[in-house]
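>>> Need a 3D model of the following:
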Amino acid sequence: MAMAKSAVEWMVCILLFLSIVLGLLEKVEVEAAVLEVSVSASTNLTMNFDDWNNAVLQSNYRAHALMSRLHAAGSNSSSTAYMHQLSSNAAPVVSGNSDGTTYIVNVGFGTPPKQNIKMKFDTASDVSWLSCDYSGGSSTHKRLDCKSCDRQAEGVSCNTQNQCILEARYADGKQIMAHMSEDTLWVGSQSFPNFAFGCGYNFKGFEDSTNRPSIGSLAFGRNSLSLPSQARRLFTYCVPDFMNPKQKGWLSLGDAASIPSASMFTALLSNPMATSWYFVQISGISVGGTRLNISPQIFQFNSGGSGGTILYSIVLMSQLVPPVYNALRAAFLNHTKEMKLTPRDMRPELPLDTCFTYTGDIAKLQIPAITFHFQDGLNLPINQKGIVSRLSDDVICLMFHPSVSNDLNIIGALQQQGYTISFDKDGKKIGFAPVTTCS
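Numbers count the residues shown, from 1 in each chain. As a prediction, the model looks like this:
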C-alpha cells in the first residue's frame, strides 16, 4: 500500500510539472510573422450575427456618407508597449456596440454640468450635436444668431428668423435639426466655455419611442467648429476592446507635451477637397512578413481629391480598395490553409466574406501578422484583435472589408486598438504609441 501511495504521489508531481511546463510553452513568443490570438473560445460574446451585420451596415453607411461629401466638394470645385497613466483631464471612452456605433465618449455639458452625456466619437465631422433636452437649468447655455455663428461649416445655415441652424442628414435616413448654440463643455476635469454645437430639437429616423437619439456626436474633424479647433488643442485617445463593454479607454486634449513619449510619427496630409479628414500616406501592407505586391500609388489621393487613406473612428473595420483587399485576403488565406473556410452561400447570415468554421481554443490559433507600412518609415503592426474576431461559437472572421468606394481606404476603429493615437493638426503629424491596455 505504501509503494502504491508513493507511486501515485510521484504521478501527481509529474503531471503538475508537465502542466507548468506546457503553460510556460504556451506563453513563448512566436516569430514576428505570426500572432497568437488571446481571446478564449469560451469568452462571453457581446455581439451576435445581427449585431455584426448592423455594425458592418452602419460602417458602410458612414463610408458612403464620406464619399458623398467628397464628391459634393469635388463638384463644387516600432516601440515597447507601455502602461498609460490615466489623468483626470481624460474623458472615458467605451464600446458603442449596444448603441449602434463604434465608440462613445462620456462628457459633461452646461453649468452646473450635466455629466455622463454619451457622444459618438467622430474624427471626420466638424459640428458636434446632441439633444437639447440636457439644457434645462444651464446658466451658460445660449442660442447663436446669424451674426455670431460660423456659417461656413457644413450643414450650418441661417433661416428667416435670424436663427443659426444645423441640419445633418445621414446615409441611413436619420435627420437632425438643431439650433447652433454655446455652452460649457466638460472633457474629464477640463472645461471649454462657449463651445459651439448643435442643440437638437427635431429628429427623424431614430428608433427610440420618443424619436430622440440616446447619444449625440462629438466632432473631432479638422475644420473650425470641431472640438480640437475650438479648444485649440491636439487630442490623444486610446480605444478599448470593442467586444468588451466593461473595458474603458480614454480621450484627452492637450499640447505637444501631452503626446506619449513612446509615440512613432507619420505625416498628416491635407486634401483640399476633404479638408476635415485625417489623411496619411501608406506605402504598403505586409501579411505574414511578406509585403503585398501592390503599387504605393493605390493608397494616395489624386489631384482631383479622390482616393487616399484616412483614419476614421466611426467605421468599425478597415476598408480597403478592391485590389488591396483582394491581395490581403489572398495572402491571409495562403497562411491559413489548414483552417476551414466557411462559404458565404452556406452561411448567408455572415456579414463578412472571409470567415472560418472554428470551435477550438482560439487562444492557441496562429494567424499571420498584418503590418501597415507608411511612406516616411513607420511600420504599424495591427493588434491581433484587429485581425480576427469570433462572431459565434463556431465562426471566426477576418476583420477587414472591401471598400464601399473604388478609391478611398479607411483605417477603422478595430485596427486602431492597441495604440494611443495623437492627432497634432498644427504639427502636421499623427503619433502611435503601443500600449498593453488603455487603463
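>>> tally of neighbours for residue 179?
With neighbours defined by other C-beta atoms under 10 Å, the count for residue 179 comes to 22. For glycine as for every other residue, the C-beta is placed from the backbone atoms N, C-alpha and C.
>>> Wait, a strand at it?
Yes. The assignment for residue 179 (DSSP: H, G, I helix; E, B strand; the rest coil) places it in a strand.
>>> Contacts only, for it.
For residue 179, the contact set (C-beta atoms under 8 Å, 6 or more residues apart in numbering) comprises 132, 143-144, 163-166, 198-199, 201.
>>> which one of these has the most neighbours?
residue 198 (29 neighbours).
>>> average pLDDT for the helix or strand containing that one?
Using DSSP states H and E, the element containing residue 198 is strand 190-204. For strand 190-204, mean pLDDT is 94.
>>> Which elements pack onto that strand?
Contacts defined by 3 or more C-beta pairs under 8 Å, 6 or more residues apart in numbering; DSSP states H and E place strand 190-204 against strand 129-131, strand 175-187, helix 227-231.
>>> So in that sheet, which strands flank the longest one, and in what orientation?
Note on strand 175-187: by DSSP bridges, its sheet partners are strand 103-109 (antiparallel), strand 142-143 (antiparallel), strand 164-169 (antiparallel), strand 190-204 (antiparallel).
>>> how about the CA coordinates for it, as CSV?
C-alpha atoms of strand 175-187 as CSV (Å, rounded to 0.1, in the frame of the first residue of the first chain):
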residue,chain,number,x,y,z
GLN,A,175,-32.1,63.6,-39.8
ILE,A,176,-31.3,66.2,-37.2
MET,A,177,-32.3,69.8,-36.9
ALA,A,178,-30.5,71.8,-34.3
HIS,A,179,-30.1,75.4,-33.1
MET,A,180,-26.5,76.4,-33.1
SER,A,181,-25.7,77.2,-29.5
GLU,A,182,-23.0,77.7,-27.0
ASP,A,183,-22.4,76.2,-23.6
THR,A,184,-19.6,74.9,-21.4
LEU,A,185,-18.3,71.5,-22.4
TRP,A,186,-16.5,69.3,-19.9
VAL,A,187,-14.0,66.7,-21.0
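>>> Flag every buried residue along it.
176, 178-187 (16 or more other C-beta atoms under 10 Å).
>>> okay if I get those residues as TSV plus pLDDT and distance to residue 93?
Output for these, formatted as TSV (pLDDT from 0 to 100; distance: C-beta to C-beta, whole Å):
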residue	pLDDT	distance to residue 93
176	92	22
178	95	24
179	96	28
180	96	26
181	96	25
182	96	25
183	97	22
184	97	21
185	97	16
186	95	15
187	94	11
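>>> before we move on, back to that, could you export the helices and strands packed on strand 190-204 as CSV, including distance to residue 433?
What follows is those, written out as CSV (distance: least, C-beta to C-beta, whole Å):
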stretch, distance to residue 433
strand 129-131, 30
strand 175-187, 20
helix 227-231, 18
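>>> For residue 407, which of the ones you listed is the nearest?
Checking the helices and strands packed on strand 190-204 against residue 407 by C-beta to C-beta gives helix 227-231 as the closest, at 26.8 Å.
>>> Tell me both backbone torsions, phi and psi, for residue 299.
Backbone torsions of residue 299, given as degrees, to the nearest 10, read phi -100, psi 0.
>>> which one is it nearest to, not counting chain neighbours?
Spatially, and ignoring its direct neighbours in sequence, residue 299 is nearest to residue 282 (4.2 Å; C-beta to C-beta, 6 or more residues apart in numbering).
>>> Out of the strands paired with strand 175-187, which one sits most buried?
Scoring the strands paired with strand 175-187 by mean neighbour count under mean count of other C-beta atoms under 10 Å gives strand 103-109 as the most buried, with a mean of 24.
>>> Quick one: name whatever helix or strand follows that one.
Downstream of strand 103-109 (by DSSP H and E), the next one is strand 114-122.
>>> quick one, that following strand and strand 190-204 angle?
Orientation check (axes from the mean of the first three to the mean of the last three C-alpha atoms, to 10 degrees): strand 114-122 against strand 190-204 gives 70 degrees.
>>> Could you list every helix and strand in contact with strand 114-122?
So strand 114-122, by 3+ C-beta pairs under 8 Å, 6+ apart, packs with strand 103-109, strand 216-219.
>>> again, 10 Å this time
On a contact count with 3 or more C-beta pairs under 10 Å, 6 or more residues apart in numbering; DSSP states H and E, strand 114-122 meets strand 91-95, strand 103-109, strand 129-131, strand 175-187, strand 216-219.
>>> Mind exporting the C-alpha coordinates of stretch 96-103 to CSV?
C-alpha atoms of stretch 96-103 as CSV (Å, rounded to 0.1, in the frame of the first residue of the first chain):
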residue,chain,number,x,y,z
GLY,A,96,-20.6,51.8,-28.6
ASN,A,97,-21.8,48.3,-29.6
SER,A,98,-25.0,48.5,-27.7
ASP,A,99,-25.7,52.0,-29.0
GLY,A,100,-25.2,51.2,-32.7
THR,A,101,-21.9,52.9,-33.1
THR,A,102,-18.2,52.2,-32.6
TYR,A,103,-17.0,54.2,-29.6
